[in-house]
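Asker: I'll drop the sequence and a predicted model, then ask my questions.
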Amino acid sequence: MKVFIIITVFLLHFFQAQAQVAVIANKSVPVDEIDKSALIDYYVRDIWVWNNNEPVTVFDLKTKSDIKDKFYNFLGKSPSRMKSIWMKQMLSGEGKPPEALASENEMLEKVSSTTGSIGFISSSNATSDVKILIEINSD
């Protein structure tokens, strides 16, 4: 029984470690792929509009999760550093932080129903209701 539990825990950890992050966008977004540099610009709010001048709506996940950690690790910024950037923008009147959503399911729903929006979820949770702009492989 002990061996079974150890193997189960290992397999769960292994499959979680293999999870990929999908950066998703509303189907109205005028791009079909995105690179790391542009993604950072949208998330730190250096760029506020898509190349068709439609506003970018950025969503974040509220709770700490493996997917959130992998996403911000890919950006090269910690969630706390991002909060600091957003707070500075808010206090200076330059913008507001992205809406933080409670779950990946809520993220999928909000991105699919919000024109010009972008967010991130587990690749396995992505559906045809959104565009996948980039998949981030875990290390």
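Answerer: Great, that's in hand.
Asker: Next up, the contacts around M90.
Answerer: Contacts for M90 (C-beta atoms under 8 Å, 6 or more residues apart in numbering) come out as K96, P97. C-betas here are computed from N, CA, C, even on glycine.
Asker: switch the cut-off to 10 Å
Answerer: R45, K96, P97 (C-beta atoms under 10 Å, 6 or more residues apart in numbering).
Asker: The second one - nearest residue in space that isn't next to it in sequence?
Answerer: So that's K96. Nearest residue to K96, sequence neighbours excluded (C-beta to C-beta, 6 or more residues apart in numbering): M90, at 5.3 Å.
Asker: any idea how far the residue nearest to G116 when sequence neighbours are not counted lies from G76?
Answerer: In space, and not counting its chain neighbours, G116 is closest to E54: 4.7 Å by C-beta to C-beta, 6+ apart. Distance, E54 to G76, by C-beta to C-beta, to the nearest Å: 27 Å.
Asker: who's the spatially most central residue of the chain bridged to?
Answerer: The centroid of the chain falls nearest to F120 when counting by C-alpha atoms, centre = their mean (2.6 Å). Bridge pairing for F120 (DSSP bridges) gives the partners V23.
Asker: Start at 283, not 1
Answerer: Got it, the first residue is 283 from now on, which makes the last one we talked about F402.
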